[in-house]
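I'll drop the sequence and a predicted model, then ask my questions.
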Amino acid sequence: GDLLAVTVRDATGHGWLLVSFHGDSNGLSAQPVLAAVLELARGRCAGHLLLCGIDANTYSGPADRFFHHVESFSRFIAEHGLVSLWGDRPDPAVRTTFSCRTYLQTQLNKAVPMAARF
């Protein structure tokens, strides 16, 4: 995944910790990375407002060790006092992205025939 974290001060002098994270394809890195961000926010950046934009790549369906599921990630967020634009219990049936690619794109490991997209 890709992580960017910066601190800034707004016009009133208030500190912000701005974080952008794009997780791995299976979503397994989202929770540990967010835990590290929270440690930073509560430690070295205490007093800053935290604003995160995260593409966690979580999945719906039964829990297993190969994919991070939206239900588990949502619980983690709520347990740590964070708020999601999807609410406390996002509907796992709502899809925000599909990881299938065409055979013309660079991620051939995700390429699928048109009929198998969904």
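Received, thanks.

Can you list the helices and strands that the top helix by length along the chain packs against?
Identified as the longest helix of the chain according to DSSP state H is helix 30-42. The contact analysis (3 or more CB pairs under 8 Å, 6 or more residues apart in numbering; DSSP states H and E) places helix 30-42 against strand 2-9, strand 15-22, strand 49-55, helix 70-79. Yep, even glycine has a C-beta here, placed from its N, CA and C like the rest.

Go again with 6 Å.
Packing partners of helix 30-42 (3 or more CB pairs under 6 Å, 6 or more residues apart in numbering; DSSP states H and E): strand 15-22.

Now the most centrally placed residue in the chain: closest residue in space that isn't a chain neighbour?
Residue closest to the mean C-alpha point of the chain, counted by CA atoms, centre = their mean, is Ala56 at 2.4 Å. Nearest non-adjacent residue to Ala56, counting by CB to CB, 6 or more residues apart in numbering: Ala30, 3.7 Å away.

tally of neighbours for the closest residue to Val70 other than its chain neighbours?
Spatial nearest neighbour of Val70, excluding adjacent residues (CB to CB, 6+ apart): Thr58 at 4.2 Å. Using other CB atoms under 10 Å, Thr58 has 23 other residues around it.

hang on, the earlier thing: do you know how far the residue nearest to the centre of the chain is from Arg44?
23 Å (CB to CB, to the nearest Å).

now do Asp91
To Arg44, Asp91 is 36 Å away according to CB to CB.

cool, Leu85 as well?
Using CB to CB, Leu85 is found at 26 Å from Arg44.

got a pLDDT number for Ala63?
Per-residue confidence (pLDDT) for Ala63: 70.
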